[in-house]
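Asks: Please work out how this folds:
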Amino acid sequence: MKKIKNIILDYGDVIFMIDFLKMEAAFSDLGIKNVRDYYGHRAQTKLFDEFEQGQISSEDFREGIRNISGIFSLTDDQIDSAWNAMLLGIPEGNHDLLLTLKNKYRLFLLSNNNEIHYNWIMKYLKSKYGLDNNASFFEKDYYSHLMGMRKPNANIFEYVLSEHGLKPDETVFIDDSPQHLKTAQGLGIQTYLLTKPDTLQALLDREGFLEK
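Replies: Model (predicted):
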């Protein structure tokens, strides 16, 4: 294997912690009891795919939630609050870890995201850390809804590799979703699955990435 020069990181549950159960509970409190039929860690319906690829607006997404739930009285704020309930925040030390990695590797972020979550996260970064965005931690940070493509589709990986001249066999991708890793592996990228209670710090220490 060639020496690793590039690291691509997922955001949710790699850098920024999320909890799907909190989102499910919040929607359940609004009367939507079957959230997993539409959205989950491993698969989701067209509404969520389109939202993560920027193909529909936040207004379209909220209307879609009303339609699939059959609860047309739901307000925008109720939907946004329930949808954002999964967003927990960044564990202490993760930002410092990113800066350390950036000094050792070409570092990239590749996140499946959407307008509502993205806006919440940007406000969180500003209020808690005084940051306008994540740009200072990466050579480039990519978000699916701004790119018009999403993981696990191969085109999003191919775009990042091509845009920055990255060789797959010199690149590592770390994500918490096996289906995303499978696509990256098919392109020749080395991958690592990160699942709780494991942490990014522990994985990087274990695999020797911080020894460079």
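Asks: When you work out contacts or count neighbours from here on, use the C-alpha atoms and nothing else.
Replies: Fine.
Asks: Which positions in the longest helix belonging to the chain come out as buried?
Replies: As far as residue count goes, and with DSSP state H defining each element, the longest helix of the chain is helix 115-129. For helix 115-129, the neighbour count (16 or more other Cα atoms under 10 Å) marks Glu115, Ile116, His117, Tyr118, Ile121, Lys123, Tyr124, Leu125 as buried.
Asks: Next: stretch 58-76.
Replies: Ser58, Phe61, Arg62, Glu63, Gly64, Ile65, Arg66, Ser69, Leu74.
Asks: what pLDDT, on average, does it get?
Replies: Stretch 58-76 shows a mean pLDDT of 95.
Asks: Contact partners for the most far-flung residue of the chain relative to its centre?
Replies: Of all residues in the chain, Ser73 has its C-alpha farthest from the mean position, at 29.9 Å, by Cα atoms, centre = their mean. Counting by Cα atoms under 8 Å, 6 or more residues apart in numbering, Ser73 makes contact with Arg66.
Asks: that older thread, out of the buried residues of helix 115-129, the closest to Leu99 would be?
Replies: Leu125 (15.6 Å; Cα to Cα).
Asks: got a list of what that closest one touches?
Replies: By Cα under 8 Å, 6+ apart, the neighbours of Leu125 are Leu131, Asp132, Asn133.
Asks: SS state for the residue farthest from the centre of the chain?
Replies: Following DSSP: H, G, I helix; E, B strand; the rest coil, the label given to Ser73 is coil.
Asks: which stretches of this protein aren't confidently modelled?
Replies: 1-2, 40-43 (pLDDT under 70).
Asks: now the helices: where do they sit in it?
Replies: Under DSSP H, the chain gives helices at 20-29, 46-52, 58-69, 76-84, 94-102, 115-129, 144-147, 154-164, 178-186, 200-207.
Asks: who touches the shortest one?
Replies: What it means is helix 144-147. Contacts for helix 144-147 (Cα under 8 Å, 6+ apart): 51-55, 110-115, 150-151.
Asks: that older thread, which of the helices of the chain sits most buried?
Replies: helix 46-52 (a mean of 20; mean count of other Cα atoms under 10 Å).
Asks: hmm, who's touching that one?
Replies: Under the criterion Cα under 8 Å, 6+ apart, residues 39, 56-58, 61, 64, 112-115, 144-145, 148-150 lie in contact with helix 46-52.
Asks: Using CSV, write out every CA atom in that helix.
Replies: Written as CSV, here are the backbone C-alpha positions of helix 46-52 (Å, rounded to 0.1, in the frame of the first residue of the first chain):
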residue,chain,number,x,y,z
LYS,A,46,-36.8,9.8,-2.0
LEU,A,47,-37.8,12.9,0.0
PHE,A,48,-34.7,12.7,2.1
ASP,A,49,-32.5,11.8,-0.8
GLU,A,50,-33.7,14.8,-2.8
PHE,A,51,-33.2,17.1,0.2
GLU,A,52,-29.7,15.9,0.8
